[in-house]
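Engineer: please work out how this folds:
(one chain, ligands or ions: 1)
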Amino acid sequence: MKNDMITVDELQGMLRLDTANTTYVMEISNGLYLGHLYYGARLPSGDLSFRSAFNTPMSEETRKKEFVIYMDGMDFEYPGWGMGDSREGAIKVKDAGGVTRTNLLYRGYRISMSKALVPGLPATFGDAPGEGEVPTLEVDLEDPDTGLFVTLFYSAFWEEDVIARRVEVKNKGSQDLVLERVLSAAMDMPAKDRQGRDFELLTYCGTWAREFTRDVRPIGLGKTGVSSIIGKTNNRMQPFLGLMSPGTTQETGEIYGWNFLYSGNFASFVEKNSFGGIRVSVGIHPEEFSWTLEPGQVFYSPEVVMTYSDSGLGQMSRNFHDLYRNHLIRGAWKDRKRPILINNWEATYFDFDTDKLLAIAKTAKECGIEMLVMDDGWFGKRNDPDSSLGDWWVNEEKLQGGLTRLGSELEAMGMKFGIWFEPEMVSPDSELYRAHPDWAIAVPGREPSRSRNQLVLDVSREDVRDYIFTSMCKVLHSAKIAYVKWDMNRHLTDVYSALLPSERQGEMMHRYVLGVYDLQERLLKEFPELLLENCSSGGARFDPGMLYFSPQIWTSDDTDAYERIRIQEGAAALYPLSSLGAHVSICPNHVTGRNVPFMTRGHVALAGTFGYELDITQLSDEEKGMIRQQTALFHKFNDLVRNGDYYRMASFQETGFYDCYGVVSRDKSEMLLTFIHVMNQPCKPNRWICISGLDPEKKYRVEEVGMEKEESPDADGKAPVVCETYGAMLQNAGLIVPCRYGDFQSVLYHITEVREDS
Ligand code: DGJ
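Structural biologist: Okay, here's the model as predicted:
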């Protein structure tokens with residue numbers, strides 16, 4: 001933290017934020033308009049006015065003559081609407097007369113050393129929400145014709161090289177204003193990197209079981225980007241946008257990243273114009289959005305976090321990881337090792353009872369697993385996906401003795417207990433739906449679309465939220481429950497809220513998200529020790545907004561370790577390993593039918609929260625022995641995996657044959673390196689890997705750990721030492737990894753500092 005992270009040069013009209021390695025500068029032109037001047041590598045202090053965002057000063061004179069022409073080529077900080085700029089604006093507001101012209105003029109600024117909470121929304125913080133120093137710049141803009149008052153917020157995170165942005169919009173006029181779009185951030189910047197090469201667009205896209213697929217595309221003229229309009233963030237597109245130099249690697253190249261702290265409809269896009277510029281825009285998707293702001297009311301946009309690195313993708317990932325671990329994830333589990341869980345979904349699906357669960361738990365306990373998570377199917381009359389969502393009471397036919405018996409027998413065994421809910425849903429075949437059909441989202445008089453034979457509850461309504469909260473609390477108070485998996489398995493369709501007047505239906509999608517946040521907040525207040533894991537058909541709600549409520553999110557229903565190598569690579573490009581739900585499951589894998597060795601499945605899951613999702617009672621003694629080894633590896637390395645710096649050294653997607661990543665401690669005294677021979681290649685005995693992230697000056701011992709057979713360690717029971725050498729050697733000369741026979745063979749290396757005095 002530095003006191004001079006925000007500086008203002010009133011004479012030159014410059015507003016500037018600095019982080020350890022980046023600088024962000026805005027410019028006020030003639031006291032009228034706010035322009036964007038620079039974001040990139042850290043600059044020395046000094047005048048930047050020679051590089052004005054405005055190719056002609058914005059004066060009243062220019063306005064009268066050539067304003068419209070100039071608008072189009074200028075770099076705006078937060079562009080309005082209908083003033084002659086042919087690019088899309090960040091805000092569009094309709095006044096009582098139906099006029100949408102939105103003309104934002106600069107009005108002033110404030111600096112504070114703290115960062116306020118954002119009502120109803122997740123947001124980054126200093127030490128805890130509302131606590132700790134985070135230098136924040138507020139810039140006021142106003143449309144004098146309507147009384148629309150916009151405050152732009154910029155909070156600088158020094159060590160993480162991150163700037164968090166958001167917007168507050170206040171109606172200071174005397175008539176209702178309708179917000180038709182309020183993006184959280186916009187930024188006009190050059191379309192080329194420092195070497196004059198066109199930036200490319202980096203996004204992470206996919207679908208169910210194929211989340212987080214890296215997509216790189218050239219940016220042509222016009223608009224391109226990612227979005228969601230299904231009411232949740234989506235597995236099709238992450239709410240992330242990156243601009244990077246062509247050929248950017250883990251360690252080289254310029255990269256800008258924007259990530260949106262929101263779990264609903266979003267639009268993150270770039271627009272390239274004819275004058276060599278790009279406008280980046282991030283916010284709530286303007287489609288399906290409008291918000292009536294009465295005089296005196298305020299609208300709060302969700303937050304966007306952005307970072308810049310000129311040393312490659314890896315640094316961007318580490319910046320985001322640190323931000324999320326230190327300044328977004330909160331609560332009892334923020335810094336704690338999570339219990340190793342076993343989830344019964346892939347073991348039993350809907351076909352289970354108390355005895356079956358206890359049998360799984362007993363064997364799991366013997367193998368070092370610490371918590372049983374009872375997934376879908378424990379409530380109402382639910383024996384398939386067609387009924388009972390909303391009826392959150394125990395099915396005693398299935399669970400003889402209810403949760404009390406299951407909970408107390410697990411406790412007697414020394415196992416923790418977790419449980420699944422899908423709180424936002426209702427099955428048409430349920431007591432809840434029969435009692436309150438109007439609580440499901442549907443357009444009056446039209447048959448709503450079903451998905452998995454279920455409907456979505458209108459959680460924008462307080463009465464609906466109260467019902468969900470009360471029924472969940474009843475269950476959670478009825479036994480000692482340590483963990484909840486909060487699932488959400490369909491898109492929002494037929495969007496309409498019975499409690500909103502027709503002219504306010506455009507508020508529904510955002511109110512829905514606020515409703516979800518409110519419910520999760522209430523739950524965490526009621527059960528402060530609860531470990532919450534969000535989930536949505538796998539990774540369809542993996543976004544930074546959700547990390548504010550749950551320190552971990554289920555990454556994908558695809559538990560095939562081969563697929564997970566790629567999925568987790570994509571997820572780890574943005575999110576810390578401590579947040580990636582990852583389990584070992586049975587082979588042939590239920591999604592892909594593929595076979596991957598048991599030990600490799602464990603090694604891949606160790607780069608996440610770690611757990612199991614299989615019928616452990618059916619495993620061989622050899623496999624159970626491997627679980628014992630894997631759970632021991634978890635305990636040995638999880639502190640490092642959760643807290644360390646992530647370095648990716650090879651991507652299977654690029655090499656075609658192998659994959660390699662490591663996590664190094666902050667003091668660079670220790671690293672866990674995972675190398676996976678994904679595909680065997682004949683006549684290619686060894687692989688060569690250069691290890692980044694270590695201290696070149698330090699001497700290290702490299703040991704192989706996590707072998708498949710218990711007899712693999714040498715005669716003393718110690719792991720075989722591969723070499724002892726300096727970090728510079730491992731980084732430049734590299735390590736030779738002997739090839740293994742067969743596909744999907746993995747090896748873990750524990751690299752530890754050798755102190756000269758030891
Ligand atoms: C989707 C989740 O992603 C799965 O893990 C499982 O919980 C099912 N829902 C249960 O219906």
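
Engineer: wait, K170 touches V298, no?
Structural biologist: Yes - using CB atoms under 8 Å, K170 is in contact with V298, at 4.8 Å. C-beta coordinates here come from the backbone N, C-alpha and C atoms, glycine included.

Engineer: higher neighbour count, the two?
Structural biologist: Set K170 next to V298 and count neighbours by other CB atoms under 10 Å: K170 wins out with 19 against 12.

Engineer: would the more buried one count as being in a strand?
Structural biologist: Yes - assessed with DSSP: H, G, I helix; E, B strand; the rest coil, K170 lies in a strand.

Engineer: now it: how far from F299?
Structural biologist: 8 Å (CB to CB, to the nearest Å).

Engineer: okay, and the common contacts of these two?
Structural biologist: Jointly contacting K170 and F299 under the rule CB atoms under 8 Å, 6 or more residues apart in numbering are L293.

Engineer: three-state assignment of the closest residue in space to P129 that isn't next to it in sequence?
Structural biologist: Leaving aside its chain neighbours, P129 sits nearest to L117 (5.5 Å; criterion: CB to CB, 6 or more residues apart in numbering). Here L117 is recorded as coil under three-state DSSP.

Engineer: how many other residues sit next to L117?
Structural biologist: L117 is flanked by 13 other residues according to other CB under 10 Å.

Engineer: okay, it: pLDDT?
Structural biologist: L117 is assigned a pLDDT of 96 by the prediction.

Engineer: how much space between it and L293?
Structural biologist: L117 sits at a distance of 20 Å from L293 (criterion: CB to CB).

Engineer: again, but for A728
Structural biologist: 59 Å.

Engineer: ok, these two, which is more surrounded?
Structural biologist: L293 (19 against 14).

Engineer: if I look at that one, how far off is D95?
Structural biologist: 11 Å.

Engineer: one more: A607?
Structural biologist: Distance from A607 to D95, counting by CB to CB: 53 Å.

Engineer: low-confidence stretches in the chain?
Structural biologist: The chain contains residues with pLDDT under 70 at 1-3, 55-58, 707-719, 758.

Engineer: residues in it within reach of the ligand, list them.
Structural biologist: Taking CB under 6 Å from any ligand atom as the criterion, the chain approaches the ligand at residues 345, 375-376, 420, 487, 489, 535, 537-538, 554, 557.

Engineer: now flag whichever of these is closest to D322.
Structural biologist: Nearest to D322 among the residues of the chain next to the ligand, counting by CB to CB, is W554 at 22.9 Å.

Engineer: ok, the closest one - contacts?
Structural biologist: Contacts of W554 (CB under 8 Å, 6+ apart): 485, 533-535, 538-539, 581.

Engineer: now it. Its backbone dihedrals?
Structural biologist: The phi/psi pair for W554 (degrees, to the nearest 10) reads phi -70, psi 120.

Engineer: separation between it and N235?
Structural biologist: Look at W554 and N235: by CB to CB, they are 11 Å apart.

Engineer: and P286, by the same measure?
Structural biologist: Noted for P286: a distance of 22 Å to N235, by CB to CB.

Engineer: in this structure, which helix is the longest?
Structural biologist: Longest helix in the chain by number of residues (criterion: DSSP state H): helix 621-643.

Engineer: counting by contacts, list what the longest strand along the chain packs against.
Structural biologist: Ranked by residue count under DSSP state E, the longest strand found in the chain is strand 177-190. Applying 3 or more CB pairs under 8 Å, 6 or more residues apart in numbering; DSSP states H and E, one finds that strand 177-190 makes contact with strand 33-41, strand 91-94, strand 162-171, strand 255-261, strand 277-284, strand 291-293, strand 303-309.

Engineer: each with direction, which strands does the longest one pair with?
Structural biologist: Sheet pairing of strand 162-171 (DSSP bridges) gives strand 148-157 (antiparallel), strand 298-300 (antiparallel), strand 303-309 (antiparallel).

Engineer: check the fourth one too.
Structural biologist: If you go by DSSP bridges, strand 255-261 pairs up with strand 240-244 (antiparallel), strand 303-309 (antiparallel).

Engineer: so which of those gets nearest Q250?
Structural biologist: strand 303-309 (10.6 Å).

Engineer: who's in contact with the closest one?
Structural biologist: By CB under 8 Å, 6+ apart, the list of residues contacting strand 303-309 from outside reads 21-22, 39-41, 118, 121-124, 160-166, 184-185, 187, 254-262, 282-283, 315-316, 319-320, 323, 544.

Engineer: contacts only, for the closest residue to G693 other than its chain neighbours.
Structural biologist: If you skip the residues right next to it in sequence, G693 has Y647 as its closest partner in space, 3.8 Å away by CB to CB, 6+ apart. Contacts for Y647 (CB under 8 Å, 6+ apart) come out as 250, 314, 661-664, 691-693.

Engineer: do V678 as well
Structural biologist: By CB under 8 Å, 6+ apart, the neighbours of V678 are 562, 565, 652, 657-659, 743-744.

Engineer: coming back round to it: please identify the most buried of the strands paired with strand 255-261.
Structural biologist: Among these, strand 303-309 has the highest mean neighbour count (mean count of other CB atoms under 10 Å), at a mean of 26.

Engineer: could you look up the next helix or strand downstream of it?
Structural biologist: Remark: after strand 303-309, the chain's next helix or strand is helix 312-327, criterion DSSP states H and E.

Engineer: may I have that next one exported as CSV, CA atoms only?
Structural biologist: Taking Å, rounded to 0.1, in the frame of the first residue of the first chain, the C-alpha atoms of helix 312-327 are listed here in CSV:
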residue,chain,number,x,y,z
GLY,A,312,2.3,-12.5,-20.0
LEU,A,313,-0.8,-14.4,-19.2
GLY,A,314,0.7,-16.0,-16.1
GLN,A,315,1.1,-12.7,-14.3
MET,A,316,-2.5,-11.8,-15.1
SER,A,317,-3.6,-15.0,-13.5
ARG,A,318,-1.6,-14.5,-10.4
ASN,A,319,-2.9,-10.9,-10.1
PHE,A,320,-6.5,-12.2,-10.2
HIS,A,321,-5.7,-15.1,-7.9
ASP,A,322,-4.2,-12.8,-5.3
LEU,A,323,-7.1,-10.3,-5.6
TYR,A,324,-9.7,-13.0,-5.1
ARG,A,325,-8.0,-14.8,-2.3
ASN,A,326,-7.1,-11.7,-0.4
HIS,A,327,-9.8,-9.2,-1.2
